[in-house]
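Colleague: with the sequence up front, the predicted model follows.
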Amino acid sequence: MKKWYEELFYNYAEKYDNEVFTQGTIGEVDFIESEINHDKGCKILDVGCGTGRHAVELARRGYSVTGADLSENMLDKARKKAAEAGVKIDFIKADARNLPFQDEFDLVIMICEGAFPLMESDQMNFQILESAARSINVKGKLIFTTLNGLYPLFHSVKDFINTHSNYSANLDNTFDLMAFRDKYQLEIEDDDGNEMTLNCNERYYVPSEITWLLESLGFDRIDICGCKLGEFSRTDPLTTEDYEMLVIAEY
């Protein structure tokens, strides 16, 4: 039986590229370039690369890029985009928890929740970080975005206080404050117009959790920032209004 994220991306490549949250590629790649000092010798791995929007743009700018994703449908679209752009990228089908690399890359990116934190258990999500860390060489860097637990924590509590006079259940609130997971139903159409109802399960993290997880993997320089679409910046402080956080980790 397919997981909800496997069902979603089984036949969604065309519509995915038209989503609002995929429109910030150029600015995001500008930031990634600045983080590697525009070093064209940098070898990059894009985990959960999807349709290859970051991978193709990086390759277009002269970088050596490998893309990994669980969805063959998304990878097919990525290969077509790379061919159209006239760039060579090694796209592989792989589970982000068990990437076939060891100390091979100068930079690993995981942007827009391409893999982490969609897994149904904390252990599985941690395996993705472990696998990414194994793929990076000792002087490498990890850049990823993830769901910001401060956002639903602040807003769900605030909305509860403002709309309830007693402790009755908030049936509209799908966020589990004990597990920091949002379990909800998503109604969507695939590329062929087939309607789907997916039982989604996403994990939100607070900065202290992310810091501890990365420190346990040996990273000693960890920066967590706000995450604005197409406007990644180290000078953007993370707040309760940021739906995502941007994480930069180095050894």
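Modeller: Right, received. Where do you want to start?
Colleague: which residues in the stretch 51-200 of the chain form helices?
Modeller: 53-60, 72-85, 122-135, 150-163 (DSSP state H, counting those that start in this stretch).
Colleague: most packed of these?
Modeller: Highest mean neighbour count of those: helix 53-60, a mean of 23 (counted as mean count of other Cβ atoms under 10 Å). Yep, even glycine has a C-beta here, placed from its N, CA and C like the rest.
Colleague: show residues contacting that one.
Modeller: Contacts with helix 53-60, where a contact means Cβ atoms under 8 Å, 6 or more residues apart in numbering, come from 17, 22, 25-26, 28-29, 32-33, 44, 46, 49, 65-67, 78, 81-82, 85, 87-89, 91, 109, 111.
Colleague: please repeat the previous calculation with a cut-off of 7 Å.
Modeller: The contact list for helix 53-60, computed with Cβ atoms under 7 Å, 6 or more residues apart in numbering, reads 22, 25-26, 28-29, 32, 44, 46, 49, 65, 67, 78, 81-82, 85, 87, 89, 109, 111.
Colleague: those, buried ones only, as a ChimeraX selection?
Modeller: Buried residues among the contacts of helix 53-60 (16 or more other Cβ atoms under 10 Å), as a ChimeraX selection:
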select :22,25,28,29,32,44,46,49,65,67,78,81,82,87,89,109,111
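Colleague: now intersect the contacts of helix 53-60 with the strands, please.
Modeller: Using DSSP state E, Ile44, Asp46, Val65, Gly67, Ile109 are the members of the contacts of helix 53-60 that sit in strands.
Colleague: now do the strands in the stretch 101-250 of the chain.
Modeller: 105-110, 136-147, 175-176, 181-189, 195-203, 221-226, 244-250 (DSSP state E, counting those that start in this stretch).
Colleague: any stretches of this structure with poor pLDDT?
Modeller: Low-confidence segments of the chain (pLDDT under 70): 158, 160-173.
Colleague: any idea how far Asp95 is from the spatially closest residue to Glu104 that is not a sequence neighbour?
Modeller: Leaving out its chain neighbours, the residue that sits closest to Glu104 by Cβ to Cβ, 6 or more residues apart in numbering is Ser135, at 6.0 Å. Using Cβ to Cβ, to the nearest Å, we find Ser135 at a distance of 13 Å from Asp95.
Colleague: now do Met110
Modeller: As for Met110, its distance to Asp95 is 13 Å (criterion: Cβ to Cβ).
Colleague: when those two are compared, which one has more neighbours?
Modeller: Remark: of Met110 and Asp95, Met110 carries more neighbours, 26 against 15, as counted by other Cβ atoms under 10 Å.
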